[in-house]
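Asker: just need the structure, nothing else, for what follows:
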Amino acid sequence: RSRMLLSRRNQLLLEFSFWNEPLPRQGPNIYELRTYKLKPGTMIEWGNNWARAIKYRQENQEAVGGFFSQIGELYVVHHLWAYRDLQSREETRNAAWRKTGWDENVYYTVPLVRTMESRIMIPMKISPLQ
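Answerer: All right, here's what the predicted structure looks like:
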């Protein structure tokens, strides 16, 4: 196996206190893992803005977890979201933009971001997050 391994990176993550703790879910669901690499020194500002912003994304129970790095690459944030499918993802995200206040939270967090990435994941049958 070592001949097939090209690279590996590890992180030790902590959960944001304002976010839900990941709990087992009935499925089927797909999951979106959004990763934000922040500018150094901006983690507290990011957390303060997201503590307000998360209320706009609780309606459909799509918020699974929010984490930040403590060891490994620093100033990295991961948000995990659950959706029935890609169509419900689009509808849920569009609905957030129609809520007064969501755009303001995005406005204040965008300047804190260096890079961002989105991955869609399908849980394995053994995962408690179906």
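
Asker: show me what the residue most central in space within the chain is bridged to.
Answerer: When CA atoms, centre = their mean is applied to the chain, the residue found nearest the centroid is residue 79 (1.0 Å). Here residue 79 shows beta-bridge partners residue 34, residue 66, assigned using DSSP bridges.

Asker: list the contacts of it.
Answerer: 33-34, 36, 63, 65-66 (CB atoms under 8 Å, 6 or more residues apart in numbering). Placement of C-beta: from N, CA and C, glycine included.

Asker: burial count for the residue lying closest to residue 25 once chain neighbours are set aside?
Answerer: Distances taken as CB to CB, 6 or more residues apart in numbering place residue 129 nearest to residue 25, at 5.3 Å, with adjacent residues excluded. Residue 129 sits with 18 neighbouring residues when counted by other CB atoms under 10 Å.

Asker: ok, residue 116 next?
Answerer: For residue 116, using other CB under 10 Å, the count is 13.

Asker: ok, residue 19 next?
Answerer: Residue 19 is flanked by 18 other residues according to other CB under 10 Å.

Asker: tell me the contacts of it?
Answerer: Contacts for residue 19 (CB under 8 Å, 6+ apart) come out as 50, 54, 63, 65-66.

Asker: what about it, which SS state?
Answerer: coil (DSSP: H, G, I helix; E, B strand; the rest coil).

Asker: do the one 4 residues further on as well
Answerer: Judged by three-state DSSP, the three-state class of residue 23 is coil.

Asker: what's the nearest residue to residue 95 if we skip its chain neighbours?
Answerer: Once flanking residues are discounted, residue 95 sits nearest to residue 59: 7.4 Å by CB to CB, 6+ apart.

Asker: what helix or strand does the one you found sit in?
Answerer: Per DSSP states H and E: residue 59 is located in neither a helix nor a strand.

Asker: and the helices in this structure?
Answerer: Here the chain has its helices, by DSSP state H, at 43-53, 86-97, 102-109.

Asker: of those helices, which is nearest residue 13?
Answerer: Using CB to CB as the criterion, the shortest distance between residue 13 and those is 12.5 Å, found for helix 43-53.
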